[in-house]
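Colleague: Got a predicted model here, sequence first, then my questions.
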Amino acid sequence: MKNVEKQIRIPISDMEAVYLIAPSGQVSFSLLPAGEEGEDFDSIRPDPLIQISAVGDATSIGFAAGETRHNSALTMSMVYESQIIKETEDEKTITTTVRFSGGIKADHIVVASSGSRGVRVYTKIRNVSNEECFIEALSSVNLFGLTPYASDTGRGRLFLHRYRSRWSAEGRHEERAVEDLLLEPSWADFGVRCEKFGCIGSMPVRGYFPFAAIEDRQRNIFWGITLACSSSWQMEAVRIDKGLSLSAGLADYDFGHWRKNLKCGEEFTTPEAYLTAVRVDFTTMCDRLLDVQRSNLSEKQRVSTLPAIFNEYCTTWGEPGEEVIKKLLSVISGKDFEYFVIDAGWYADSVKGWQDNMGDWKVADDLFPNGIKKAVSMINDAGMKAGIWFELEVVGKDSDKVEDTAHLLTRDGKVIISGTRRFWDMRSEWVENYLTEKVIDFLNDNGFSYIKIDYNDTIGIGCDGSDSPGEGLRSCIEATKAFFRKIRESVPGIAIEVCSSGGHRLEPGFMELADYLSFSDAHEEKEIPVIAADLQNLILAQKSQIWAVLRKEDELKRIAYSVCAAMYGVLCISGDVCDLSLEQWSLARRGVIFYKQASPVIISGVTERFGPFQNSNRDLMDYQAGVRYGKNGQVLIIVHSFAHEGVQDIAVPLKGDYKIRDVYEQGSHDIRIEKDSLRLKFEESFDAVAILLTDGQSE
């Protein structure tokens, strides 16, 4: 039987959106690099562009029940209705409308912004029947027919890329052959093969990043997806026969306890997925996905230089105060810091302490006897803008608000307790009003220009108050994001840092609300340069805020090591700054000045990595080099030496002719350019250098 009755190709930037309509009316979707030849979709079974399932729906044949809702009976009832293309100077939108049995209509929407090498894809469904319908699975996107360039099953040429994540070990790249994942079709082309992964709870980057890519290694083609989902999410690589599909969306009922009651006439829109398809290397593919985030930057965020930030947390460890701040300001004033952030503990209770009384948000009188506005004035007088820490969504066990159960999240009627934290129901008007007073009014009344919003536990599968625990979680997180936007709108010029025990909220939905992102809680560990470099494929470097914690016992090479690591993003200094020697401070200050020079490259560049894969972040060996090519003809090279014996002679490949503009180092590393590489030497382990190159035309 012929699988494709009609094929529609629509150019998007340097790609093509491909729609294949089967004789049955099912529509499949793929995205291809423009100009490629030799694809064969005719031999691949249709795989509908919207994956949907409802209560009472039949799962696919092939032992799928409990594992995947992919190609459910409702999905396979799809019939094509129409396609509309709208194009303006700024963007192109493709809306493909289909209908399903039971009175469900859906729009599959592709949006391509000018200048972006990625597209946004999402699904909008509506119930046009006379009965309510309980939806239990719904994809944002389903890419079909990977790879269409193989005449057979493509054995040995298809690889799945994803990023794993743990606390203080964010962004570890993993690549697996599809055969390793048992995604090879069976002898009978029967039996569903599914690799399903994702994250459950209110920390959407706890286990995996919402990222996946399929590589056709024979053609050097990548298909990449990043999902902007801030609650529970899932991705599925699914295969029955030749064609491999990759889908992404909200975690379904089986995986994430999500069910949505779609009443008559109601609509529901999924989170957006960002897609790209390209014949190039993996790093460039990742950078193309980041284009979507670049296109969403506000005018304020379209910067040419980056700030240096001072955060006192690794100095005071939760014990800030007016006198401490005064002492710190006497040391760091005039040293090129734009922000001074007061971190956790400013609300400490003299009896209860500070770690578990979040929710009351009363300034500690003993720490700030003249009020916190006095500290803000001191910071401003020292030439910096003041920032403050909040964990606004939670209520600690020692808070006076812990008994306010009417406004706390529950599951099965019981208050959700995770560790020592309870959680506000952010959907509540009372909670919004309370936090408006405690957070927004506080920021405005005291003149803060920066807020660090932390979040240090997860509610798990979900909460009461909606059609299902997963929908409760989704709606509550959407209310949280709405409050973040309210902060932006209500506090003129505010800078927002998103933090969640370091990096547990590094997904596009939260990242696009932020000016800065906490990259990790690996505050002063040797693996910081590895984590920071890993994250450059997932985060805009201009937002990735990286700790450089300086200790009084640090050797000078350790100071350089820490400051160089932070040059993979936004430099944030903390530590024993009042106890550093003049020599230590001089070296750190030189690093800040160098970072400011290099910041245009950090903002605009793409980084290539060199050095061996680090099997253990806690036992680093040999070296790591990051070469970041900027759009201004400059190159930033950051080299970290790890454990090694003898003199380490490193050659870092270069693309083009450059000369050395500036070097940040402690001692001498015999840095020189020889032909098409930069060479340098390390005599000791755990040292680092940063080098700024120029092509001679950018000076």
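Modeller: That came through, no problem. Residues are numbered from 1 along each chain as shown.
Colleague: Tell me how many other residues surround residue 469.
Modeller: Neighbourhood size, residue 469 [other C-beta atoms under 10 Å]: 23. Backbone N, C-alpha and C define where each C-beta goes, glycine included.
Colleague: I'd like to check which residues are in contact with the spatially closest residue to it that is not a sequence neighbour.
Modeller: Spatial nearest neighbour of residue 469, chain neighbours left out: residue 462 (2.8 Å); criterion: C-beta to C-beta, 6 or more residues apart in numbering. Each residue near residue 462 by C-beta atoms under 8 Å, 6 or more residues apart in numbering is listed here: 232, 256-258, 411, 468-474.
Colleague: mind checking the SS state of residue 401?
Modeller: helix (DSSP: H, G, I helix; E, B strand; the rest coil).
Colleague: Nearest residue to it in space, ignoring adjacent ones along the chain?
Modeller: Nearest non-adjacent residue to residue 401 (C-beta to C-beta, 6+ apart): residue 359, at 4.2 Å.
Colleague: quick one: the residue nearest to residue 469 from residue 390, how far?
Modeller: Separation of residue 462 from residue 390 (C-beta to C-beta, to the nearest Å) stands at 24 Å.
Colleague: Repeat that for residue 15.
Modeller: 41 Å.
Colleague: can you check residue 449 too?
Modeller: Taking C-beta to C-beta, one finds residue 449 at 14 Å from residue 390.
Colleague: Repeat that for residue 339.
Modeller: As judged by C-beta to C-beta, residue 339 and residue 390 stand 15 Å apart.
Colleague: What of residue 553?
Modeller: Separation of residue 553 from residue 390 (C-beta to C-beta) stands at 32 Å.
Colleague: Neighbour count for the two, which is higher?
Modeller: Counted by other C-beta under 10 Å, residue 553 and residue 390 do not tie: residue 390 has more neighbours, with 22 against 7.
Colleague: Can you give me the pLDDT of the more buried one?
Modeller: At residue 390, the model reports a pLDDT of 98.
Colleague: same check, this time on residue 350
Modeller: pLDDT recorded at residue 350 is 86.
Colleague: Equivalent analysis for residue 698, please.
Modeller: 55.
Colleague: tell me which strands and helices the helix or strand harbouring residue 212 is in contact with?
Modeller: For residue 212, the host element (DSSP states H and E) is strand 211-216. Judged by 3 or more C-beta pairs under 8 Å, 6 or more residues apart in numbering; DSSP states H and E, strand 211-216 is in contact with strand 133-146, strand 158-166, strand 221-228, strand 233-239, strand 244-250, helix 282-295.
Colleague: Can you list the strands that that strand pairs with?
Modeller: strand 158-166 (antiparallel), strand 221-228 (antiparallel) (DSSP bridges).
Colleague: Which of these has the highest mean neighbour count?
Modeller: strand 221-228 (a mean of 25; mean count of other C-beta atoms under 10 Å).
Colleague: Now do it against strand 244-250, angle only.
Modeller: Here the directions of strand 221-228 and strand 244-250 differ by 10 degrees (axes from the mean of the first three to the mean of the last three C-alpha atoms, to 10 degrees).
Colleague: model confidence over strand 221-228, on average?
Modeller: The average pLDDT within strand 221-228 is 98.
Colleague: I'd like to know which of the contacts of residue 462 are part of helices.
Modeller: Mapping those onto helices (DSSP state H) picks out 256, 469-474.
Colleague: returning to that earlier point: indicate which one of the strands paired with strand 211-216 is closest to residue 639.
Modeller: strand 158-166 (23.5 Å; C-beta to C-beta).
Colleague: Any stretches of this protein with poor pLDDT?
Modeller: Low-confidence segments of the chain (pLDDT under 70): 1, 696-699.
Colleague: where exactly do the helices run in it?
Modeller: Ranges of helices in the chain, per DSSP H, are 73-76, 253-256, 282-295, 313-316, 322-332, 372-381, 429-435, 442-446, 469-490, 508-511, 528-534, 556-566, 582-604.
Colleague: sorry, back to before: now, of the helices and strands packed on strand 211-216, which is deepest in the fold?
Modeller: strand 244-250 (a mean of 27).
Colleague: Name every strand pairing with that one and say which way it goes.
Modeller: strand 133-146 (antiparallel), strand 233-239 (antiparallel).
Colleague: Just put these in CSV and tack on distance to residue 623.
Modeller: Output for the strands paired with strand 244-250, formatted as CSV (distance: least, C-beta to C-beta, whole Å):
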stretch, distance to residue 623
strand 133-146, 35
strand 233-239, 33
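Colleague: Out of the ones you listed, the one nearest residue 298 is which?
Modeller: strand 133-146 (24.0 Å).
Colleague: got the angle between the closest one and helix 469-490?
Modeller: If you take the same axes, to 10 degrees, strand 133-146 sits at 80 degrees to helix 469-490.
Colleague: gap between residue 482 and residue 175?
Modeller: With C-beta to C-beta as the criterion, residue 482 and residue 175 are 37 Å apart.
Colleague: Ok, residue 663 next?
Modeller: The gap separating residue 663 from residue 175 is 34 Å, by C-beta to C-beta.
Colleague: neighbour-wise, which of the two wins?
Modeller: residue 663 (16 against 13).
Colleague: Which residues are in contact with the residue nearest to the more buried one when sequence neighbours are not counted?
Modeller: Excluding its sequence neighbours, the residue lying closest to residue 663 (C-beta to C-beta, 6+ apart) is residue 691, at 5.3 Å. Listed by C-beta under 8 Å, 6+ apart, the contact set of residue 691 reads 636-637, 639, 660, 662-664, 671, 678, 680.
Colleague: Filter those residues down to the buried ones, ChimeraX style.
Modeller: The buried residues among the contacts of residue 691 can be selected in ChimeraX (16 or more other C-beta atoms under 10 Å) with this line:
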select :636,637,639,663,664,671,678,680
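Colleague: Closest to residue 564 out of the contacts of residue 691?
Modeller: Distances from residue 564 to these, taken by C-beta to C-beta, are shortest for residue 664, at 6.8 Å.
Colleague: So what sits opposite that closest one in the bridge?
Modeller: Beta-bridge partners for residue 664, by DSSP bridges, are residue 690.
Colleague: What of residue 87?
Modeller: Beta-bridge partners, per DSSP bridges, of residue 87: residue 92.
Colleague: change the start of the numbering to 35 and stick with it
Modeller: New numbering, starting at 35: the last item is residue 121.
Colleague: Now do it: how many residues are near it, please.
Modeller: Neighbours of residue 121 (other C-beta under 10 Å): 10.
Colleague: Can you tell me how far it is from residue 331?
Modeller: 23 Å.
Colleague: Out of the helices of the chain, which gets nearest to residue 135?
Modeller: Among the helices of the chain, helix 107-110 sits nearest to residue 135 (C-beta to C-beta), with 6.5 Å.
Colleague: Name the residues that touch the closest one?
Modeller: Contacts of helix 107-110 (C-beta under 8 Å, 6+ apart): 60, 82, 84-88, 91-93, 103, 134-136, 138.
Colleague: Swap in 7 Å and give it another go.
Modeller: Applying C-beta atoms under 7 Å, 6 or more residues apart in numbering, the external contacts of helix 107-110 come out as 60, 82, 85-88, 91-92, 134-136.
Colleague: quick one: which of the residues you listed is most hemmed in?
Modeller: residue 82 (30 neighbours).
Colleague: beta partners for it?
Modeller: For residue 82, the beta-bridge partners are residue 62 (DSSP bridges).
Colleague: Pull the number of nearby residues for the closest residue in space to residue 519 that isn't next to it in sequence.
Modeller: The shortest distance from residue 519 to any residue other than its chain neighbours is 6.7 Å, reached at residue 547 (C-beta to C-beta, 6+ apart). Number of residues near residue 547 (other C-beta under 10 Å) recorded here: 21.
Colleague: So residue 547 sits against residue 516, correct?
Modeller: No - judged on C-beta atoms under 7 Å, residue 547 makes no contact with residue 516 at a distance of 9.9 Å.
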